Structure formats: structure tokens, C-alpha cells
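Undergrad: no FASTA, just this:
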RNA sequence: GCCGGGAUAGCUCAGUCGGUAGAGCGACUGAUUCGUAAUCAGUAGGUCGCAGGUUCGAUUCCUGUUCCCGGCACCA
């Protein structure tokens, strides 16, 4: 039976019978066949060696295409698995997918792999690549697959066939050479030689079987892989760059903050770090005042009863710090440190009678919250146990809700843009399994958030099951200068808390109604956001956020008096300036303040002192400028 | 929380096959006044994370523990 193959450009070619992608490529040019990785058959990626047995539109995917990269990475995982089983007999294979930058494979083995093992394994992988083993796809009956893996002692694979694959689904097996095989959906390269050498094993770690902490612990080996060695090199360089930006390292070098054993997950802000904190807080404070918010402050410790009403005691207890106080007479008060600000804001709303005229009421708080995060989750400023949310709760009529949610979203976009983040993505997280409130409320809340996205013209994706226990949410993820995503802002609908606290307002017709409520945070947590800013700017914060904006450095001690005068003039103009009168050479001072990422070094020598000028040296620039003191002050005052 | 690795001077790190430790930077003191990314010399500074055990002797070996790091799980 002849097979008609249609190419992407519309050209057609007829073959006498079933033909493989590799044969088609070969018939076009040997060069193409060499660069080919997989073939897209009617939009589905197939192995190059899999016969195409019907008319089809095909596209031969070469090494340089993004789709090819995933196949290369997935192959790397298989080569890794073979290498491990060759070197460590008795190790079971489980799963090994491609990742954003490479691949991993999870193994079941009693003894964990060491860093030294990685080297050996990587060597063996390169050897397998050199062997250029053919990779062949086979379809096996289900029973044969189960039998085979059981006989091999591969209990995880066998379990997956029985529990994870529907009985009617065909099972594809990929043979790599004569002795090794894995069950896999594919597609794969025609042989191991095509993997190339642009890969590297990076780390070992633990992982759970099927991603569940109650299952067996597996040993995961991670690697990175690319189509070319240049790309691998570029990637490794990028990782090095990211390490240099690490806010924990910069925080220490720049003297911003520290964390210590006696207050795990909490931040000691040093003067410079706290300056950034206050500047950011003031920025948000002014911003939200312009957007019609009022600011409040509520207690850190509140009685257990309140948390029972809110539902936190039942749903969030394991993450809360609880304080027990002996009040004598065997009475004990049980208080909880707030993990969220909402119940507190409810109490303010409940004071007195609210009219529809009071709505929407946008109640903001820089709320100091504490959550008992799992020890393994803690990470510098990014994940802490004590943090400050730039939180707000918006009480409104149900009708006002979508518009209010959209306004909050617009505020978030505006702030991110002003802080230097242009790429922002929105996700709509829907009802989780563990939740309060009936489905009708959830239906409505989810619909209204989607509507809000339309109102603010923001495309969004759905994040199923990721909502909070009390309502669905919009999550705002920003991307930093080196492309890493950070989830910060959030807008959450809550029809449940108003119900639980029984809050009401008097409507136009005199009836009592239940307001809708939104939770929203722009930065999320000040701590975390400062961490992101430090990494975004690699510590070189924009002028307005720099804790020390200018350092006045005299060249000789004769100029010390003038330097003090210059520093005072800058301070009088509201510039955060310091002077460096140490008995050191100017080279030394410049190096130090450049390393400290100070935006402007103000240099004064004998000449400047006589002429009443200063020489400005801006961060990151070699050239400098000498100008009259008054002009310099004006210039810096206007800097951002 | 789980798996693995780690903790030595203020910082970055070396070292001790078991005999209580060392460098650079920083700090301090002195000299130097030197115009654009590290001036020279000297001095001080350590319960080798913490608690047990083995040992004549432990920073080193063993056990426990705390914290940190990389993943996993978690992120309401």
C-alpha cells in the first residue's frame, strides 16, 4: 500500500510502503538525517525509527529545535539510568523525565549516591554515548511487561504498570542496546550516540516515589543537558551569575541583615537593610493611600476563640505558634500568634454599624505574621517564619467585587513595573480538596476572579486545586532579571470569613446584607520582596532604594573638613550620605565603596576644596564629573 | 518533616592518618598624605556548633543534637 507523506511546505512524496522518519530524511539529504532527532507525524512526536504506516503530514525535527531538546534531555535520563544499573547492579529504576534545564532519574537503592559516584556515573554515560547503542521501540502486552519487571526485581516499574497505566493502553518499551530497556512513552533518539556530550550531572538528592512524602524515599540524580556544548557552557555561566546574586551572600557582604540559630526563620535587620525595608514600606504606604486604602494595625496575639471562629484553628493549626499563659486558678489562656491578618480586620469591620456608603472599605496593614514553616522550607529571606505582609482586605458589596479585584490587580501590575519588573504572569488557583464553604460559593468566586482578569485585560492560566482553603485566588508571578519566577502578589476571594464572623452592612433598602471580601497582597512579604530586589539588582539597588546613596571620600586629610561639609550639605538635602575619612588611599576607598555598590562616590581633594566643587563617580561608570557643590546636591536630589 | 552534605578567627577558607590549630581579608597600633578598584610594618583575635562516648589524650573517631546548604515534600 503506497504511503503519501506531506511536508510542512506542502510538498508531497509517495513511498511504496511504511517508511520511517529516518528513511524520509535520508531520502532528502544525509545531512538532514544526521541532524534529525525526532519526527512530528500529524502533530505527534514519533521516533525516527518508527514506521509511518499511513498517509501523514510530517515535520522532521532537527537538533536545534526546542522540541528536540526535550527528547535529548529525556534520552540523557535513560542513558543515566543505564549507566547507574551497569555500575550499581540491584538498583531499581523508576522515573526519569526531562526538566527545564536537563533531566533527572529517580532510583530505588538503599545506599544513597555520593558526589564521587556522580563522576563515575557521568563517565559511564559518556561511554554509553560512545557505544552508540541503537534505541528501539517495541509494544508489549501488559502481562509481559508486568512479568518482565517482576522477574527483574523492578517492583516500582511493575507497580506503575498495574496502578498507573489504564489496562487498554498499549505499553511501549524502549530497548537501549541488547541488554537494557525501560518502559517509556517516548519518543527517543535513534541511538545513544545522538545524545552528544553537552550534559553534566549536577546533584544528588532524595525524592519520594510518586511525589508523596508517605511513600518510599528514592535517590534522585539531576543533570543538565543541551543540544550543543556552547549552550551548556552558557548555562553553567548563568548558574554562576545567579550564585553571585544570592541575597543571602549579598546580605552579609553589604551588611543588610542576619539570621541566627536562636530565631530560626526570622530576620535581624541591620541599619542598612532596615533602611531598604522602610523605604519599600513607605513606597507602598503612599501608593495605597493614593488608591483609596486606609491603614490599620491589629494585635499579634489573639485568643484561640477567634481562630476557632475563623477556621484557622481547625485548618491551619499545625502552622501556628501558640502561646499558653497561666492566669492562676488553673485557668489557662490560649493565644495564637497571627499567621494572617484577616480575623483582626474582621474585628475592626465589626465595630459599629456599616452602611453600604462605607463600601468598598479597603483596609490595609503591614501585618507582622508568623507561621511555623517546615524546617526544610526555610531559605534566607525568601521563606521565613516571621514576616510582614503588605496585606489588605477589601470589604465590598457582591456587585462591587469583580471591579475591586481588578483594581487590586492593576495596582499590583503598577507596583511591579515601578520596581523594575516588566514580565508578570497571572494564575487563577481554584478550589483545593481541603476547603471550607459549599460548592455554589466556590463556583461563584472562581467565576468572579476570571471576570476580574478580563476587566484588567490580563491573560491568565488556571492552576487547578491550588486555591486557599477559604477561597480561590489570583496569583501574580513576576520574572526577575535572569528569568527566574517569583510568586508575590495575590488577590483572593473569601465568601467564607464574612459568613463565619457574621459581618453585615446596611443596604440602601435598609436590609442587612453580607459583604464580600477580598484578601490581597502586592509585594506579598516585605522580607521576601527585598530578597528578590537584592537578587534582581545583584545588590546594586536603584538610587532611591540604596541604603547609602553617596559616600564622600577625601583624597588627602587636608580635605577632611570640606568632606564633612559636603556630607552635611547632602544630608540636608535628604540624601543618605556618609563620609569616609579613614587614612587610606583614594584607590582603596573607591574599591571598597564600589564593592559595596554605593550609587555615587563623591571625591574631594585639595582642588575641590579650594574651588568648592566635588567630583562625582557613579556606580558602574569609569568616567566622572566635577561640578560645583550646589549643582551636585541638586543633581543627586533629583536622582531616582 | 524526609534524603544527602556541612559547621574551624568578624569574613572567606586551609589543616590535624588522635598529641588542643593556620592563611588572606577585616579589626587594632604605628608609619605614610599618596588624584580614581587593595600603601607598608607590627599586634590582638579560636571552648575547631553543642552534649555525651571511646581513649593516657578528641577539633580529629563514634553516638545524639542544633543550625546551615542542595534537593524532595510543604507554601493555607
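TA: The structure has been received and is ready for your questions. Nothing here was measured: the structure is a model prediction, and the numbers come from that model. Residues are numbered from 1 along each chain as shown, chains lettered A, B, ... in the order given.
Undergrad: quick one: secondary structure of residue A:106?
TA: Secondary structure for residue A:106, judged by DSSP: H, G, I helix; E, B strand; the rest coil, is strand.
Undergrad: mind checking how far stretch A:148-168 is from the chain centre?
TA: 34 Å (CA atoms, centre = their mean, to the nearest Å).
Undergrad: Could you list the residues in contact with that stretch?
TA: A:90, A:92, A:93, A:94, A:108, A:140, A:142, A:145, A:146, A:171, A:183, A:209 (CB atoms under 8 Å, 6 or more residues apart in numbering). Heads up, the C-betas are built off the backbone N, CA and C, glycines and all.
Undergrad: for stretch A:320-336, same thing?
TA: Residues contacting stretch A:320-336 (CB under 8 Å, 6+ apart): A:301, A:302, A:303, A:304, A:307, A:312, A:313, A:337, A:339, A:370, A:371, A:372.
Undergrad: ok, of those, which one's closest to residue A:259?
TA: residue A:370 (14.5 Å; CB to CB).
Undergrad: Export the contacts of stretch A:148-168 as CSV, with columns for pLDDT.
TA: Formatted as CSV, the contacts of stretch A:148-168 follow (pLDDT from 0 to 100):
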residue, pLDDT
A:90, 90
A:92, 94
A:93, 94
A:94, 95
A:108, 94
A:140, 92
A:142, 90
A:145, 92
A:146, 92
A:171, 90
A:183, 92
A:209, 94
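Undergrad: Only the buried subset of the residues you listed, as a ChimeraX command please.
TA: Burial among the contacts of stretch A:148-168 is assessed by 16 or more other CB atoms under 10 Å; the matching ChimeraX selection reads:
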select /A:92,93,94,108,140,142,145,146,171,183,209
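Undergrad: Widest-spaced pair of the contacts of stretch A:148-168?
TA: A:90 and A:142, at 25.6 Å, using CB to CB across these.
Undergrad: Could you list the low-pLDDT ranges of chain A?
TA: Scanning chain A for pLDDT under 70 picks out nothing.
Undergrad: contacting residues around whichever residue of the stretch 51-200 of chain A sits closest to RNA strand B?
TA: Of all residues in the stretch 51-200 of chain A, residue A:112 sits closest to RNA strand B, at 3.6 Å by CB to the nearest atom of the strand. Residue A:112 makes contacts with A:204, A:206, A:219, as judged by CB under 8 Å, 6+ apart.
Undergrad: Which of those residues ranks first by neighbour count?
TA: residue A:219 (21 neighbours; other CB atoms under 10 Å).
Undergrad: That residue belongs to a helix, doesn't it?
TA: No - the assignment for residue A:219, made by three-state DSSP, is strand rather than a helix.
Undergrad: Packing partners of the helix ranked longest in chain A?
TA: Taking DSSP state H as the criterion, chain A has its longest helix at helix A:66-87. Applying 3 or more CB pairs under 8 Å, 6 or more residues apart in numbering; DSSP states H and E, one finds that helix A:66-87 contacts strand A:36-41, strand A:56-62, strand A:92-93, strand A:102-108, helix A:115-131, strand A:171-176, strand A:180-183, strand A:217-225.
Undergrad: if we can go back for a sec, which of the contacts of residue A:112 sits closest to RNA strand B?
TA: Closest to RNA strand B, out of all of the contacts of residue A:112 and judged by CB to the nearest atom of the strand, is residue A:206, at 2.9 Å.
Undergrad: quick one: which helix or strand includes the closest one?
TA: strand A:199-208 (DSSP states H and E).
Undergrad: still on that earlier bit, with respect to residue A:490, which of the contacts of residue A:112 is nearest?
TA: residue A:206 (30.3 Å).
Undergrad: need the residues of the stretch 101-250 of chain A near RNA strand B, please.
TA: The stretch 101-250 of chain A comes close to RNA strand B at residues A:112, A:114, A:203-208, A:211-213, A:217, A:219-220, A:222, A:248, as judged by CB under 7 Å from any atom of the strand.
Undergrad: Are any of those residues buried, and if so which?
TA: Counted by 16+ other CB under 10 Å, these give A:204, A:207, A:219, A:220, A:222, A:248 as buried.
Undergrad: Would you agree the last one is in contact with residue A:380?
TA: Yes - Residue A:248 lies in contact with residue A:380 (CB atoms under 8 Å); the separation is 4.1 Å.
Undergrad: which phi and psi does the spatially closest residue to residue A:431 that is not a sequence neighbour have?
TA: Sequence neighbours aside, residue A:442 is the residue nearest to residue A:431 in space, at 4.7 Å (criterion: CB to CB, 6 or more residues apart in numbering). Phi and psi for residue A:442, reported as degrees, to the nearest 10, are phi -60, psi -40.
Undergrad: who touches residue A:442 in this structure?
TA: Counted by CB under 8 Å, 6+ apart, residue A:442 has contacts A:430, A:431, A:435, A:471, A:472.
Undergrad: Go through those and give me the one with the most neighbours.
TA: Result: residue A:472 is most packed of the contacts of residue A:442 (other CB under 10 Å), 28 neighbours.
Undergrad: need the contact list for that residue.
TA: Here residue A:472 is in contact with A:428, A:429, A:430, A:431, A:442, A:445, A:446, A:449, A:492, A:493 (criterion: CB under 8 Å, 6+ apart).
Undergrad: Okay, and which of those map to helices?
TA: A:442, A:445, A:446, A:449.
Undergrad: Just send those residues back as JSON lines, with distance to RNA strand B too.
TA: Compiled in JSON lines, the ones in helices among the contacts of residue A:472 are given as follows (distance: CB to the nearest atom of the strand, whole Å):
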{"residue": "A:442", "distance to RNA strand B": "13"}
{"residue": "A:445", "distance to RNA strand B": "13"}
{"residue": "A:446", "distance to RNA strand B": "14"}
{"residue": "A:449", "distance to RNA strand B": "14"}
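Undergrad: Not counting its neighbours along the chain, what's nearest residue A:618?
TA: Excluding the flanking residues, the one nearest residue A:618 by CB to CB, 6+ apart is residue A:600, at 5.8 Å.
Undergrad: ok, the one you found touching residue A:636?
TA: Yes - assessed by CB under 8 Å, residue A:600 is found in contact with residue A:636 at 6.4 Å.
Undergrad: neighbour count winner among these two?
TA: residue A:600 (26 against 21).
Undergrad: Span of stretch A:353-364 from start to end?
TA: 20 Å (CA to CA, to the nearest Å).
Undergrad: So which bits of that stretch are buried?
TA: In stretch A:353-364, counting by 16+ other CB under 10 Å, buried: A:354, A:359, A:360, A:361, A:362, A:363, A:364.
Undergrad: Contact partners for residue A:191?
TA: A:132, A:133, A:134, A:135.
Undergrad: Now which of the residues you listed would you call buried?
TA: A:133, A:135.
Undergrad: With secondary structure added, can I get the contacts of residue A:191 in JSON lines?
TA: Converted to JSON lines, the contacts of residue A:191 look like this (three-state DSSP):
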{"residue": "A:132", "secondary structure": "coil"}
{"residue": "A:133", "secondary structure": "coil"}
{"residue": "A:134", "secondary structure": "strand"}
{"residue": "A:135", "secondary structure": "strand"}
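Undergrad: which two from the contacts of residue A:191 end up farthest apart in space?
TA: A:132 and A:135 (10.0 Å).
Undergrad: What ranges does the stretch 451-600 of chain A have for its helices?
TA: Under the criterion DSSP state H, counting those that start in this stretch, helices of the stretch 451-600 of chain A are mapped to A:496-501, A:526-536, A:560-572, A:586-595.
Undergrad: how about the ones you listed, which one is nearest residue A:9?
TA: helix A:526-536 (43.8 Å).
Undergrad: how about the closest one: buried residues?
TA: So for helix A:526-536, counting by 16+ other CB under 10 Å, buried means A:526, A:527, A:528, A:529, A:530, A:531, A:532, A:533, A:534, A:535, A:536.
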